[in-house]
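> Sharing a model that was predicted from the sequence below.
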Amino acid sequence: MEIGEPIDQGRFGLLSQDDSGHLLCHVCGRGLLHLGTHARRAHGLSADDYRERYGLTSGTRLVAERVRELMSQKWLARQGEHLARLEAHRDPVAASRAARGSEAFSRVQYRLLRAEVPRRAQKELSKEHRSLLEDQTDLRAWSLLVRQVIREHGYSVGAVARAFGLKRVTVESRLRYFAPKPGNQDSHPQFKDSPSRGEEVAPASLPFEG
């Protein structure tokens with residue numbers, strides 16, 4: 001199919017919007033601010049499946065531009081409050097214990113982990129994983145997914161930070177603040193049936209700094 005050819009209620013390879021800036025759904029033709037969320041809830045399509053079906057590039061964002069701008073402005077307006085809240089909830093001792101679980105690393109495990117650091121530091125985030133993270137508008141869900149891709153695909157925190165134009169300390173702060181409960185480290189809704197309980201604060205793709 002060629003780019004621009006009609007498909008369902010839209011055109012293949014193109015993401016249209018109406019005069020008010022709403023993104024038009026290829027499936028039903030509705031104008032939406034959060035097209036990715038709509039596609040999943042109304043049509044059972046993940047963001048990647050939607051892009052693939054309608055010929056959109058992996059970097060195509062399924063959130064309206066004015067929504068991203070509004071959320072960025074809200075974050076910046078209350079940046080000091082957000083950072084103070086993060087700092088107030090920091091508990092390095094508890095976080096360290098939760099990360100270790102019931103068994104501490106052995107010296108051999110520690111050396112193996114240190115040996116992985118140079119390789120992780122050089123590995124950049126793939127387009128697929130970046131696209132998956134960009135679609136998360138819930139910071140808790142975004143943080144849990146970051147933990148999973150780091151653990152399963154060998155990325156570093158720095159690689160995630162570079163991919164989204166964030167400071168490394170900002171990503172680390174999010175991971176600490178939205179740390180999973182002990183014994184439930186794979187609780188991201190993309191991989192579990194339970195819904196996310198996070199508060200929608202800002203899109204994960206916004207390059208705000210902390």
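On my side now, so go ahead.
> quick check, distance from whatever helix or strand Val160 lives in to the centre of its chain.
According to DSSP states H and E, Val160 maps onto helix 157-163. Offset of helix 157-163 from its chain centre (Cα atoms, centre = their mean, to the nearest Å): 12 Å.
> So which bits of that helix are buried?
157, 159-161, 163 (16 or more other Cβ atoms under 10 Å). All C-beta atoms are positioned from the backbone trio N, CA, C, and that covers glycine.
> Summarise which helices and strands the next helix or strand after it is packed against.
Following helix 157-163 in sequence order, the next helix or strand is helix 168-177 (DSSP H and E). Applying 3 or more Cβ pairs under 8 Å, 6 or more residues apart in numbering; DSSP states H and E, one finds that helix 168-177 makes contact with helix 79-88, helix 139-153, helix 157-163.
> mind listing what's buried in helix 168-177?
For helix 168-177, a neighbour-count test (16+ other Cβ under 10 Å) marks 170-177 as buried.
> Thr167: neighbouring residues, count only.
Check again: residue 167 is Lys, not Thr. 13 (other Cβ atoms under 10 Å).
> From Arg78, how far out is it?
18 Å (Cβ to Cβ, to the nearest Å).
> Kindly report the same for Arg11.
From Arg11 to Arg78 the distance is 39 Å (Cβ to Cβ).
> All the strands of the chain, residue numbers only.
In the chain, strands defined by DSSP state E lie at 6-7, 10-11, 23-24, 31-32, listed in chain order.
> domains for the protein, by residue range?
6-62, 79-177 (automatic domain parsing).
> Reformat those domains into TSV and put mean pLDDT next to each item.
Formatted as TSV, the domains of the chain follow (pLDDT from 0 to 100):
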stretch	mean pLDDT
domain 6-62	92
domain 79-177	76
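> Turn those into JSON lines, including distance to Gln73.
Listed next are these as JSON lines, based on distance: least, Cβ to Cβ, whole Å:
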{"stretch": "domain 6-62", "distance to Gln73": "15"}
{"stretch": "domain 79-177", "distance to Gln73": "11"}
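> Tell me which of those lies nearest to Leu70.
Closest approach to Leu70 among the domains of the chain is made by domain 6-62 (9.6 Å; Cβ to Cβ).
> first to last residue in the closest one, what's the distance?
19 Å (Cα to Cα, to the nearest Å).
> Near the closest residue to His38 other than its chain neighbours, how many residues? Count them for me, please.
Nearest non-adjacent residue to His38, counting by Cβ to Cβ, 6 or more residues apart in numbering: Leu32, 4.8 Å away. A count of nearby residues for Leu32, using other Cβ under 10 Å, gives 21.
> Could you do Glu52 as well?
Glu52 has 12 nearby residues by other Cβ under 10 Å.
> With Gln17 instead?
15.
> Excluding chain neighbours, give the residue nearest to it in space.
The spatially closest residue to Gln17, leaving aside those adjacent along the chain, is Leu23, at 5.2 Å (Cβ to Cβ, 6+ apart).
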